[in-house]
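Q: Attaching a predicted model along with its sequence, questions to come.
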Amino acid sequence: MRARVLVRPKAGILDPQGQAVERALPALGFEGVRNVHVGRLIELDVDDPDQIPEMCERLLTNPLIEDWEIEEAGVEEPSR
Amino acid sequence: MKFGVVRFPGSCDDIDGLQAAARVADAVLLWHADHDLHGVDAVIVPGGFSYGDYLRAGAIARFAPVMAEVEEFAHEGGLVLGICNGFQVLCEAGLLPGALLPNVSLRFIFRQVDVEVVRSEGPFTGSCDVGEHLSIPVKHTTGRYYAPEEQLDRLEAAGQVLLRYAPGHNPNGSLRDIAGVCNERGNVFGLMPHPEHAVDPLIGSTDGLRIFESMRAHVEQHVLA
């Protein structure tokens, strides 16, 4: 299965990267943008998707500071 | 008394750590792939960019073979000092509370700062006085100490905050100006400033030596005695 793990800074933790983006957008004429947060996207093909939560807890994220969410993402990539 | 300084791929302050420790005691390097601490009395996890910090700072290094030995050593009460990237590694390994986030400025910061000694008993600051200021450099991009508010309250109440940035010296947005914390038992300590870079008058300060001297005194009095 092809999966996507979406990783975000936990709510309430200061996110200077999100703030920087939020401040930059009006300079380009994009008004009315709020609550910008910048996270990470990890894509992976896995044989056993049930293992992904443990991967997230142990390595892919730091659960103290990040929330994560798993999405199915269609077909696997051809091997490279 | 013998210090061991861990060397990961990507460590860059291992030699400074080794030389700083060697000013007060014997010191050897410990290789990341070894399952052996070679009988050292205290472990230093140094600064740098272990395994490139590719995923998150310290996230990969915590799984290095030597870290299994460091964790066991810590659980037996051995002294473990994590400096900068070493602090990040110990947090990722769950040996220390909290986490280090990118600096509020999102910039790499390299400057001399004053840190205030919050506690002077215990293995790492025993040779210092409460309220004393130590002049020690910081150099990092990911040094903003974070823990949830209620955990910060517990850390402060339990006396686990050993060093704070002096007023006006917090370089990275660390919560409650925390520069260094220890675990509940008090035998594992991590800090973002680099005491190993402040051990000679030639480089502006010898205040960093106090940390290494404190550790030596503790080991000599409590472990080797």
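A: Received the coordinates, thanks.
Q: which intervals of chain A have sub-threshold pLDDT?
A: Within chain A, the ranges that satisfy pLDDT under 70 run A:80.
Q: Is there any residue in the top helix by length along it that contacts chain B?
A: Across chain A, the longest stretch assigned as helix under DSSP state H is helix A:16-27. Yes: using C-beta under 8 Å from any C-beta of the partner chain, a contact is recorded between helix A:16-27 and chain B, made by A:16-17, A:20. (Glycine included, C-beta is placed from N, CA and C.)
Q: Indicate whether whichever helix or strand comes after that helix makes contact with chain B.
A: Downstream of helix A:16-27, the next assigned helix or strand under DSSP states H and E is strand A:40-45. No: contact between strand A:40-45 and chain B is absent, the nearest approach being 9.0 Å (criterion: C-beta under 8 Å from any C-beta).
Q: Strand A:40-45 pairs with which strands, parallel or anti?
A: The strands beside strand A:40-45 in its sheet (DSSP bridges) come out as strand A:2-9 (antiparallel).
Q: Next, the angle helix A:16-27 makes with the partner strand.
A: If you take axes from the mean of the first three to the mean of the last three C-alpha atoms, to 10 degrees, strand A:2-9 sits at 90 degrees to helix A:16-27.
Q: Other residues contacting strand A:2-9?
A: With C-beta atoms under 8 Å, 6 or more residues apart in numbering or on different chains as the contact definition, strand A:2-9 has outside contacts at A:15, A:18, A:37-46, A:49, A:52, A:55-56, A:60-61, A:65-77.
Q: Could you check stretch B:134-142 and say which residues are buried?
A: Residues of stretch B:134-142 classed as buried: B:134-142 (neighbour count, 16 or more other C-beta atoms under 10 Å in any protein chain shown).
Q: For these, give me CSV that also has secondary structure and distance to chain A.
A: Shown next, in CSV, are the buried residues of stretch B:134-142 (DSSP: H, G, I helix; E, B strand; the rest coil; distance: C-beta to the nearest C-beta, whole Å):
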residue, secondary structure, distance to chain A
B:L134, strand, 27
B:S135, strand, 27
B:I136, strand, 24
B:P137, strand, 22
B:V138, strand, 17
B:K139, strand, 19
B:H140, strand, 15
B:T141, coil, 12
B:T142, coil, 11
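Q: re the thing from before, among the contacts of strand A:2-9, which ones are buried?
A: A:15, A:18, A:39, A:42, A:44, A:52, A:55-56, A:60-61, A:65-66, A:68, A:73.
Q: State the pLDDT value of the nearest residue to B:R185 once chain neighbours are set aside.
A: Closest residue to B:R185 apart from its sequence neighbours, by C-beta to C-beta, 6 or more residues apart in numbering or on different chains: B:G77 at 7.0 Å. According to the per-residue confidence, B:G77 scores 97 in pLDDT.
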